[in-house]
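# What follows is a predicted protein model with its sequence.
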Amino acid sequence: MAALVLLAAATGTWIIPPDLGKIGDVESKGGPGTCAFMPRNVPHAWKNCGSTPGRVLFLYTPAIAGRFVERMMEGPKSQEERDEQLKEYGWELLGPNPL
């Protein structure tokens, strides 16, 4: 997972397993039921640091930002197609996950 910033949406997140997150310059660890808010234009990243597969529920507002995730589920894309979709849905990848 890369560090990213959503340019056109804010995100609410509910975490199921133990996870480590970074929103802006703040790092925190959360367990089951943790809720986090990631404002638009603020870099953020997260990773599962548990021993079981992670599950996270994301809520995007406006919802169009979530369309990028839906498009990713449609199958493999070329780098060019992925870059076009990132821009179209207001996402910007900033680089490798800092966590």
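All right, it came through fine. Numbers count the residues shown, from 1 in each chain.

# Please enumerate the strands of the chain.
All strands of the chain, identified by DSSP state E, fall at 2-6, 10-15, 19-23, 26-30, 35-38, 44-48, 56-61, 91-96.

# Relative to residue 68, which of the ones you listed is closest?
strand 91-96 (5.5 Å; C-beta to C-beta). From N, CA and C alone the C-beta is placed, and that goes for glycine too.

# Which neighbouring elements make contact with the closest one?
strand 2-6 (3 or more C-beta pairs under 8 Å, 6 or more residues apart in numbering; DSSP states H and E).

# tell me the average confidence for the strand it packs on?
Mean per-residue pLDDT for strand 2-6: 63.

# Pull out the buried positions in the longest helix seen in the chain.
Counting residues, the longest helix in the chain under DSSP state H turns out to be helix 79-88. Within helix 79-88, the residues scored as buried using 16 or more other C-beta atoms under 10 Å are 82, 85, 86.

# any chance of the residues you listed in JSON lines, with pLDDT and distance to residue 11 too?
Output for the buried residues of helix 79-88, formatted as JSON lines (pLDDT from 0 to 100; distance: C-beta to C-beta, whole Å):
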{"residue": "82", "pLDDT": "90", "distance to residue 11": "19"}
{"residue": "85", "pLDDT": "92", "distance to residue 11": "17"}
{"residue": "86", "pLDDT": "91", "distance to residue 11": "15"}
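
# Contacts for the longest helix of the chain, please.
68, 71, 72, 77, 92, 93 (C-beta atoms under 8 Å, 6 or more residues apart in numbering).

# Just the CA atoms of it, as CSV, please.
This file holds the C-alpha atoms of helix 79-88, laid out as CSV (Å, rounded to 0.1, in the frame of the first residue of the first chain):
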residue,chain,number,x,y,z
GLN,A,79,0.3,2.0,-15.5
GLU,A,80,-1.1,4.6,-17.9
GLU,A,81,-4.7,3.5,-17.3
ARG,A,82,-4.2,3.5,-13.5
ASP,A,83,-2.6,6.9,-13.6
GLU,A,84,-5.6,8.3,-15.6
GLN,A,85,-8.1,6.8,-13.1
LEU,A,86,-6.2,8.1,-10.1
LYS,A,87,-6.4,11.6,-11.5
GLU,A,88,-10.1,11.1,-12.6
